[in-house]
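> with the input below, show me the fold.
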Amino acid sequence: MAARIRLLIVDDHPLVRRGLCELFGGESDIEVVDDVGDGERAVTVALEEQPDVVLMDVSMPGMDGIEATRRLLAVRPEARVVMLTSFADHERVMEALDSGAVGYILKDAESDELVRGVRAAAGGDSPLSPRAARALITARRGRRPFEELTGRELDVLKLVARGLSNKQIAWRLAISEKTVKAHMTSIFGRIGVADRTQAALWAQRHGVV
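As a prediction, the model looks like this:
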């Protein structure tokens, strides 16, 4: 019988940790050795419990997941860290991979994708969410991320970054709210974010405003 995969879950939201523990607790080949809420604790527990895979949140108060990954791998390089986050812009993906993480999975992934990702990491592979992979490909081509947007999507994104609601955007661009929502869905997928707040921050970070 093959050894079970020892998994450490790191996320600063208790509900997220609870959900992940329940998800992986139902898998016969995966054992959750612990779940912790901050990067500093993650490093300590990883050294104590010796997990095969660490599912690491990127954005956490105090020590974030990227710094925690660097510190963990400096003392235990055989650990396999998979980042779990809401952001898929290429800068964040590259920073995570440069820190030593072997994978990058988005929080809106289906449950089976998360389980497959942990198994893949334990087996020596590098699980990467499709949106994160596309962000890397775009960056590798030397194109600025917002060049992937259509002209109308760029117009919508600029107004989102200025804090306008869908109704206000629809009025400003003389289109329906339904069309605005459709553009927003497309924008989220193209730039690798999960909601309008992240889209606004992305736009400001990339000078789209």
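> how about the strands of the chain, start to end?
5-10, 30-36, 53-57, 80-85, 103-106 (DSSP state E).
> next, the buried residues of the shortest one.
Right, the one you point to is strand 103-106. G103, Y104, I105, L106 (16 or more other C-beta atoms under 10 Å). (C-beta placed from N, C-alpha, C; glycine too.)
> pull the helix or strand with minimum mean pLDDT from this structure.
Least confident helix or strand, the chain: helix 130-140 with a mean of 64, by mean pLDDT, DSSP states H and E.
> measure G26 to I9 for me?
According to C-beta to C-beta, to the nearest Å, G26 stands 14 Å off from I9.
> let's check: the centremost residue of this structure is which one?
Among the residues of the chain, the one closest to the centroid is T85, at 2.5 Å (C-alpha atoms, centre = their mean).
> who are the contact partners of the residue lying closest to that residue once chain neighbours are set aside?
Closest residue in space to T85, ignoring its immediate chain neighbours: V58 at 3.9 Å, by C-beta to C-beta, 6 or more residues apart in numbering. Each residue near V58 by C-beta atoms under 8 Å, 6 or more residues apart in numbering is listed here: D64, G65, I66, M83, L84, T85, F87, R92, A96.
> got a winner among those for most neighbours?
M83 (30 neighbours; other C-beta atoms under 10 Å).
> so that residue is in contact with M56, correct?
Yes - M83 lies in contact with M56 (C-beta atoms under 8 Å); the separation is 5.6 Å.
> now do the shared contacts for the two.
Common neighbours of M83 and M56 (C-beta under 8 Å, 6+ apart) are G65, T69, A101.
> could the residues you listed be laid out in CSV, adding pLDDT and distance to S111?
Below are the shared contacts of M83 and M56 laid out as CSV (pLDDT from 0 to 100; distance: C-beta to C-beta, whole Å):
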residue, pLDDT, distance to S111
G65, 90, 21
T69, 92, 23
A101, 88, 21
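> filter those down to the ones in helices?
Under the assignment DSSP state H, those contribute G65, T69 to helices.
> follow-up on the earlier one: between G26 and I9, which has more neighbouring residues?
I9 (27 against 10).
> from L55, how far out is that one?
From I9 to L55 the distance is 5 Å (C-beta to C-beta).
> name the residues contacting each of these two.
L20.
> re earlier: just the strands of the chain: most buried one?
Greatest average neighbour count among the strands of the chain goes to strand 53-57 (a mean of 28), per mean count of other C-beta atoms under 10 Å.
> before we move on, the earlier item: kindly indicate which of the contacts of V58 lies nearest K167.
F87 (27.0 Å; C-beta to C-beta).
> nearest residue to T179 in space, please, no chain neighbours.
Nearest non-adjacent residue to T179 (C-beta to C-beta, 6+ apart): A170, at 7.2 Å.
> off-centre distance for the longest helix that the chain contains?
Using DSSP H, we find that the single longest helix of the chain is helix 177-191. Averaging C-alpha positions (C-alpha atoms, centre = their mean, to the nearest Å) puts helix 177-191 19 Å from its chain's average.
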